[in-house]
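coords below, sequence missing:
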């Protein structure tokens with residue numbers, strides 16, 4: 001048999017508005033303080049070789065030596081922690097809209113079919129600390145062949161991008177080495 005219950009009186013202290021310490025909401029709305037020093041790839045004397053470490057688990061493979069961060073001045077969001085991305089030299093991808101100027105914090109990529117440096121992240125987007133994805137775009141590239149459905153990788157905090165790309169449904173995510181900054185403080 002079901003019993004019907006009467007509404008209970010609220011417990012002491014639960015019928016009043018919640019109050020927060022002064023300044024708490026303002027502090028939460030402020031941008032995150034970035035205490036790291038980030039450098040662009042072109043600022044390293046030996047370029048890509050200065051931002052790679054040998055992967056001790058896979059002979060002949062290099063991984064990112066530093067945390068990868070958003071290149072936007074004032075953002076610096078950590079996109080990928082050190083030792084996660086695998087360095088690959090591969091074909092460039094025409095990610096930029098030629099009808100719009102490139103954001104000043106993004107380095108231009110070589111025009112395909114030239115090669116460029118990439119960080120390959122596998123097997124899932126969960127490897128990233130912070131990453132955003134655009135809606136799917138149909139991409140035919142600069143060479144004849146089938147159209148692919150790609151998503152551009154962007155900063156999850158400020159939406160700067162494209163920083164890289166992934167093919168829809170793929171387990172491979174590609175960040176352009178020249179489109180991220182390298183957090184060198186505390187990683188040397």
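Right, received. Where do you want to start? The shown structure was predicted, so the numbers you read here are calculated from the model rather than taken from an experiment. Residues are numbered from 1 along each chain as shown.

my guess is residue 94 meets residue 111, correct?
Yes - contact criterion CB atoms under 8 Å: residue 94 and residue 111 qualify, at 7.1 Å. (Each C-beta comes from the backbone N, C-alpha and C, glycine too.)

Of the two, which one has the most company?
Between residue 94 and residue 111, counting by other CB atoms under 10 Å, residue 94 is the more crowded of the two (14 against 11).

for the more buried one, helix, strand, or coil?
Three-state call for residue 94 (DSSP: H, G, I helix; E, B strand; the rest coil): coil.

quick one: it and residue 116, what's the gap?
As judged by CB to CB, to the nearest Å, residue 94 and residue 116 stand 11 Å apart.

what residues do these two have in common as contacts?
Taking CB atoms under 8 Å, 6 or more residues apart in numbering as the contact rule, residue 94 and residue 116 both touch residue 109.

where do the helices sit along this protein?
Using DSSP state H, the helices of the chain run over 24-29.

for it, where's the lowest mean pLDDT among helices and strands?
Least confident helix or strand, the chain: helix 24-29 with a mean of 68, by mean pLDDT, DSSP states H and E.

And the strands in the chain?
Here the chain has its strands, by DSSP state E, at 38-40, 52-54, 62-64, 67-69, 78-80, 86-91, 115-121, 132-133, 137-139, 148-154, 164-167, 173-176, 181-183.

And these: which comes nearest residue 26?
Across those, residue 26 has its closest neighbour in strand 78-80 (23.7 Å, CB to CB).
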